[in-house]
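J.: Based on what follows, work out the 3D shape:
(chains A and B)
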Amino acid sequence: MKTSSVYIKKSVLNNDLITIINDKGYFVESNPQWSVLLGYDKKELLTIPYLTLVYYEDRSKTKHAIESRLQMANPRPFKSRMVSKLGDVIWFEWIITKIGSTNEFLLIAKDITKQKSKKSSIEEDLIALKLKNRQLEDLFNLSQDLITISNPEGYFTKLNPQWSKTMGYTEKELMEKPYLFFVHPDDQQNTVAEAAKQFDGTTIFNFRNRYITKKGETIWLDWNATALDHTGEVFGIARNITSAIKQEQKIEATLQELIAKNKQLEDYAYITSHNLRSPVANIFMLTKFLEESKLTEEQVGYTDMIKNSAELLNKTMKDLINVVQINQATDMTIQNISLLETCEETKRQLSAKIMETQAKIHTNFEIDTISYSYAYLRSIFLNLISNSLKYCAPERKPIIHISSKEIGNGIQLIFEDNGLGIDLKKFGQKVFGFRKTFHTNNANAKGLGLFIIKSQIEALKGTIDIDSEPNKGTKFTINIIL
Amino acid sequence: MIKGSHILCLIDDDNIHQFIIKKIVKKLSPNQELLVFSNGEEGIDFMKSRIGKIEKLPDLILLDINMPVMDGWEFLEEFVTITPEIKKEIIIYILSSSDNPTDKEKAKKFELISGYIIKPINENQLESLLENV
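T.: Residues are numbered from 1 along each chain as shown, chains lettered A, B, ... in the order given. Model prediction:
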């Protein structure tokens, strides 16, 4: 054993790998050539079983060869491959010499790659490469993602079939024009900027842009891309996330709707808060005055009861406000409604007032059925018709024209009367304000109707406009988006 | 106890509330002068017509928020524009039934406003307001 160690130390300059392996299969000593050929330093070598350095296909064969040779008096060399730290497979000729009586042995491994690889290794490598290539080709062709290589001139040079499937253009068509041609005009600038980043080697993740398909549809792509090398060719993989984006937009729209709804509820709570609180506050004070005046015992009893009732009312009102503030409105449900039927219902509801004023209501609904909130539509009809009746000119019978017609993205609903009108120069859009009244002679005016219908119409993304001239009449134009 | 030489002003559209305030004021100080207006426009028109006549302008204004024609906020906006001409320190309190936080926040933005009282105002509150004029 001592002699063997000396042998190793002497052969520092030898090109062969020389080592002593103990009976457990670990390195005891090794010469520097191990580091040169296989890339492992001495420390690393001492901690791993030698067998792990053997190419996996050759391991059991090698183990057998060594075991049998340790029994022989004059063992012959054998061939086996080892793998370097970097993964190179190298052919060696193994010479085994048993040391003493244990299973320790001296191993001399000669690098014979040059002779051996010329024959079979190239062939093997080629087969492996072909296999890998086929696997990659399958991956490329079968991928649901859009895979591409583009050149620095801004053209696609390779496209997988998913591109044609998604875009509707043939592969040839897609390669004929700069890829920017297919990018949505609003995203071209961003796309150019992102592409420029790749010239300095940046890999981009999750860059989103829109492409326009042959049919003219917009699709959203989510890109990961990286430069292949210094030539400026870029390898990119894009995922079609159009449906996910549409989902996102839908959620966003729903959210906006909810915010509008919420705002409305707050407004209602505010109205309730003010309109109910005022009289309750008055009742409190008046009861107090009553208490301070000379009352009979019976009257004191009634006063107490009034006070208790007012307190109860106050409490109920507060609870109600809380409920309104947190509750979802249920009457926003969109359904198909007939304008004519809604109008007839409203007329029935207002029949007493219509008889009293001898009003004539004419309708002309070019579009009759609309998808809308039933409660809101009723509210619009009720408020606008009752306003026309309330603010009719005393010297003429009220005539109300209600009509509907199709406009670009919805319908237009028009209410026109011949009543008192409102001085818009003076009041302008304030007519839709909260608790705004404009006819001082009418004690029933609360200034809520227009405020409420405006917020209802706007909650459903519509608009309402007023046109009016004092003592001529008023015209409300409502645009409903369908 | 209360000097009757001050002028008190109420701007509120609610008739009953007007009555209540009149009654309390009369009880506290029978000779107290009280001006009553039914909305902001009436109030501001009066103020404008008394510019230059300091002794005819109120010392204390109790202002409601929600009123027809011109509400309390609009009154304040108009009032701010005429304060340089008024040359009199007028104390303004909001007296409203609204306990809406938005209104209370909004009131804080007006430097002219000395306080925000939620209806009903009681005798003691009104008394201390009058005493501090």
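J.: use CA for all of it now, contacts and neighbours both
T.: Noted.
J.: Can you tell me which residues in chain B are near chain A?
T.: Those residues of chain B that sit near chain A, judged by C-alpha under 8 Å from any C-alpha of the partner chain, are B:16-17, B:20, B:66-69, B:97-100, B:119-120, B:122.
J.: Present the residues you listed as TSV; the columns should include pLDDT and distance to A:Asp186.
T.: Formatted as TSV, those follow (pLDDT from 0 to 100; distance: C-alpha to C-alpha, whole Å):
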residue	pLDDT	distance to A:Asp186
B:Ile16	88	63
B:His17	90	61
B:Ile20	90	65
B:Asn66	86	48
B:Met67	88	50
B:Pro68	85	49
B:Val69	87	48
B:Ser97	85	52
B:Ser98	81	49
B:Asp99	76	49
B:Asn100	76	45
B:Lys119	86	57
B:Pro120	84	60
B:Asn122	84	64
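J.: Can you flag which of the residues you listed belong to helices?
T.: Counted as lying in helices by DSSP state H, out of those, are B:Ile16, B:His17, B:Ile20.
J.: Same question for the worst-scoring helix or strand of chain B on mean pLDDT: list its buried residues.
T.: In chain B, no helix or strand scores lower on mean pLDDT, DSSP states H and E than helix B:101-108, which sits at a mean of 85. For helix B:101-108, the neighbour count (16 or more other C-alpha atoms under 10 Å in any protein chain shown) marks B:Lys104, B:Ala107 as buried.
J.: Which strands or helices does that helix pack on?
T.: strand B:113-118 (3 or more C-alpha pairs under 8 Å, 6 or more residues apart in numbering or on different chains; DSSP states H and E).
J.: got the angle for the least confident helix or strand of chain B vs strand B:113-118?
T.: On the basis of axes from the mean of the first three to the mean of the last three C-alpha atoms, to 10 degrees, helix B:101-108 is oriented at 160 degrees to strand B:113-118.
J.: tell me the SS of the closest residue to A:Leu350 other than its chain neighbours?
T.: Take A:Leu350 and drop its neighbours on the chain: the residue closest to it by C-alpha to C-alpha, 6 or more residues apart in numbering or on different chains is A:Ser386, 7.3 Å away. State at A:Ser386, reduced to three classes by DSSP: H, G, I helix; E, B strand; the rest coil: helix.
J.: Look up the pLDDT of A:Ser386 for me, please.
T.: Turning to A:Ser386, the model gives it a pLDDT of 89.
J.: what about it, neighbour count?
T.: With neighbours defined by other C-alpha atoms under 10 Å in any protein chain shown, the count for A:Ser386 comes to 19.
J.: just A:Gly100 next, same as before
T.: Counted with other C-alpha under 10 Å, residues neighbouring A:Gly100 total 9.
J.: how much space between it and A:Asn22?
T.: 11 Å (C-alpha to C-alpha, to the nearest Å).
J.: Do a quick rundown of the strands in chain B.
T.: B:7-11, B:33-37, B:60-63, B:91-96, B:113-118 (DSSP state E).
J.: What helices and strands are in contact with the fourth one?
T.: To tie it back to what came earlier, the one meant is strand B:91-96. Under the contact rule (3+ C-alpha pairs under 8 Å, 6+ apart), strand B:91-96 is packed against strand B:60-63, strand B:113-118.
J.: May I see the buried residues of stretch A:20-33?
T.: For stretch A:20-33, a neighbour-count test (16+ other C-alpha under 10 Å) marks A:Ile20, A:Ile21, A:Asn22, A:Gly25, A:Tyr26, A:Phe27, A:Val28, A:Glu29, A:Ser30, A:Asn31, A:Pro32, A:Gln33 as buried.
J.: Pretty sure A:Glu366 sits against A:Ile411.
T.: No: applying C-alpha atoms under 8 Å, one finds A:Glu366 not in contact with A:Ile411, separated by 9.6 Å.
J.: Same drill for the two, tell me which one is more crowded.
T.: A:Ile411 (20 against 13).
J.: I'd like to know how far that one sits from chain B.
T.: 33 Å (C-alpha to the nearest C-alpha, to the nearest Å).
J.: likewise A:Ile48?
T.: Distance, A:Ile48 to chain B, by C-alpha to the nearest C-alpha: 75 Å.
J.: wait, what's in contact with that residue?
T.: Neighbouring residues of A:Ile48 by C-alpha atoms under 8 Å, 6 or more residues apart in numbering or on different chains: A:Tyr26, A:Phe27.
J.: Okay, it and A:Ile99: tell me how far apart.
T.: Using C-alpha to C-alpha, one gets 21 Å for the distance from A:Ile48 to A:Ile99.
J.: and if you look at A:Lys261?
T.: For A:Lys261, the distance to A:Ile99 - C-alpha to C-alpha - is 91 Å.
J.: you'd agree A:Gly433 is up against A:Gly449?
T.: No: at 9.7 Å, A:Gly433 does not count as touching A:Gly449 under the criterion of C-alpha under 8 Å.
J.: Give me the more crowded residue out of these two.
T.: A:Gly449 (21 against 16).
J.: Helix, strand or coil: sort out the closest residue to that one other than its chain neighbours for me.
T.: Nearest non-adjacent residue to A:Gly449, counting by C-alpha to C-alpha, 6+ apart: A:Asn383, 5.5 Å away. When classified by three-state DSSP, A:Asn383 comes out as helix.
J.: Good, we can wrap up now.
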